[in-house]
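[1] using only what follows, build the 3D model:
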Amino acid sequence: DRAVFGGGAGLASPLLQAAGARLPVRVASATGLTVPATQDALLVTEINTRILAGECKLQLCAWYGEETEALFFPPSEKAQRAFVRIPLWQMDQQPRYDHTCALYIDSVPLAERSRFDLWDLRRVMRILRGDRGCPWDRAQTHRSLSRYLIEEAYETSQAVAEEDWDHAADELGDVLLQVFFQADIGEQYGTFCLGDVTTAICRKMMERHPGIFGPEGAALPEGTDASWEKLKQQQRGSTTPAQVLREVSSDMPALMRAEKILRKSDGLGLDAASYLPESPVKEILRQVQLLRRQGLSAEEEMHLALSRLTEETEKTT
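    Reported below is the predicted structural model:
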């Protein structure tokens, strides 16, 4: 059992006692409130204005849900504190506020929660792959899951293209599941862990934006495909054109792979099509390049064309 204190810890003890708080509890001041995780109970102290209460409400509702029950402590200098039970959305609708006001949200068992965060997903994954979990989930490997990541990425792309944002959020959740699934397998077999994944992407993004994350006066990147490619080549130690082109995954769909190889070839100053004999395939590669230079994706344009074909066929049959 533990209480994790941020700001506002001095007011916490009588409030936690009045709430009958179950440890662990995270204690934080309303000023500069952040919600790093939602597994533990939370006490927000020093809610001294209605505006501050509203700012906290927006953040808390996003993580806990508007209807989550909370205990609001009105202004009082008494040692024994009284509270009122409110839905979280009423946090900024109380009669008065001062530095003694606080809000307590109790911890909720995983299966009874209405909203979840990244650590909940990690916990769900560990339960599913635990000794009493799901046999199918326990049997999966890095390789057996690869195709699902590709499928979920395509379904996400389609939802975004259709601007169906509820569906997009759902599909992005499926993509995120694959990341956590792979990381859990990695931790089991010692190949990599979730920390390796987050470290790799954070380091990559900071290294590729030296003008933002680097020392003061660091040169800003040019913002072109060529400058990005040069930076990536330096990071990966690629020194020859062949090494650079081999970085493009052979598992990609052909048109998408062609687009990426052409982009890298441009950065290297190569005319990719010139390396192939005259053939229908070479002409396709030229057309992919033509679309690229018009700011279009051959993969997306082909999908759109096939969708139009299907729609026109439906009209005539």
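[2] number of nearby residues for residue 61?
    17 (other CB atoms under 10 Å). All C-beta spots, glycine's among them, are computed from the backbone N, C-alpha and C.
[3] how far does stretch 107-123 sit from its chain's centre?
    16 Å (CA atoms, centre = their mean, to the nearest Å).
[4] list the buried residues in it.
    107-108, 113, 117, 121 (16 or more other CB atoms under 10 Å).
[5] tell me the mean pLDDT for that stretch?
    Averaged across stretch 107-123, pLDDT comes to 90.
[6] stretch 191-204 too?
    pLDDT averaged over stretch 191-204 gives 96.
[7] show me this protein divided up by domain.
    For the chain, the structural domains run 3-112, 118-190, 241-316, going by automatic domain parsing.
[8] burial count for the nearest residue to residue 152 once chain neighbours are set aside?
    Sequence neighbours aside, residue 174 is the residue nearest to residue 152 in space, at 4.2 Å (criterion: CB to CB, 6 or more residues apart in numbering). Applying other CB under 10 Å, we find 15 residues neighbouring residue 174.
[9] residue 174 and residue 155 touch, don't they?
    Yes - contact criterion CB atoms under 8 Å: residue 174 and residue 155 qualify, at 7.1 Å.
[10] and the host helix or strand of residue 188, what's buried?
    Per DSSP states H and E: residue 188 is located in helix 165-189. For helix 165-189, burial by neighbour count (16+ other CB under 10 Å) applies to 168, 171-172, 177-187.
[11] need the next SSE after it, C-terminal direction.
    helix 194-207.
[12] that following helix - contacts with which helices or strands?
    Applying 3 or more CB pairs under 8 Å, 6 or more residues apart in numbering; DSSP states H and E, one finds that helix 194-207 contacts helix 165-189, helix 210-213, helix 225-236.
[13] if you set the cut-off to 10 Å instead, what comes out?
    Counting contacts by 3 or more CB pairs under 10 Å, 6 or more residues apart in numbering; DSSP states H and E, helix 194-207 packs against helix 118-128, helix 165-189, helix 210-213, helix 225-236.
[14] among these, which comes closest to residue 204?
    helix 225-236 (7.5 Å; CB to CB).
[15] which one of the domains of the chain has the most crowded surroundings?
    Each of the domains of the chain was scored by mean neighbour count; the highest is domain 3-112, a mean of 17, by mean count of other CB atoms under 10 Å.
[16] now do the same contact list for the residue most central in space within the chain.
    For the chain, the residue sitting closest to the mean C-alpha position, by CA atoms, centre = their mean, is residue 176 at 7.1 Å. Contact analysis of residue 176 by CB atoms under 10 Å, 6 or more residues apart in numbering lists 118, 121, 152.
[17] JSON lines for these, including distance to residue 288?
    What follows is these, written out as JSON lines (distance: CB to CB, whole Å):
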{"residue": "118", "distance to residue 288": "38"}
{"residue": "121", "distance to residue 288": "38"}
{"residue": "152", "distance to residue 288": "25"}
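[18] show me which of those is closest to residue 239.
    residue 152 (34.8 Å).
[19] the helix or strand harbouring the closest one - contacts with which helices or strands?
    Per DSSP H and E, residue 152 falls inside helix 142-161. Applying 3+ CB pairs under 10 Å, 6+ apart, we find helix 142-161 packed against helix 165-189, helix 298-316.
[20] by how many degrees do that helix and helix 298-316 diverge?
    Taking axes from the mean of the first three to the mean of the last three CA atoms, to 10 degrees, one finds helix 142-161 and helix 298-316 inclined to each other by 60 degrees.
[21] how far off helix 165-189 does helix 142-161 point, in degrees?
    Angle between the axes of helix 142-161 and helix 165-189 is 160 degrees (criterion: the same axes, to 10 degrees).
[22] for helix 142-161, give the mean pLDDT please.
    92.
[23] alpha carbons of that helix, as CSV, please.
    Provided in CSV are the C-alpha atoms of helix 142-161 (Å, rounded to 0.1, in the frame of the first residue of the first chain):
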residue,chain,number,x,y,z
HIS,A,142,6.3,-12.7,-33.1
ARG,A,143,5.9,-14.3,-36.6
SER,A,144,2.4,-15.6,-36.2
LEU,A,145,1.1,-12.1,-35.3
SER,A,146,2.8,-10.2,-38.2
ARG,A,147,-0.1,-10.6,-40.7
TYR,A,148,-2.6,-9.2,-38.1
LEU,A,149,-0.6,-6.0,-37.8
ILE,A,150,-0.7,-5.6,-41.6
GLU,A,151,-4.4,-6.3,-41.7
GLU,A,152,-5.2,-3.8,-38.9
ALA,A,153,-3.1,-1.1,-40.5
TYR,A,154,-5.1,-1.5,-43.8
GLU,A,155,-8.4,-1.4,-41.9
THR,A,156,-7.2,1.8,-40.1
SER,A,157,-6.2,3.4,-43.4
GLN,A,158,-9.7,2.7,-44.8
ALA,A,159,-11.5,4.1,-41.8
VAL,A,160,-9.4,7.3,-42.1
ALA,A,161,-10.0,7.6,-45.8
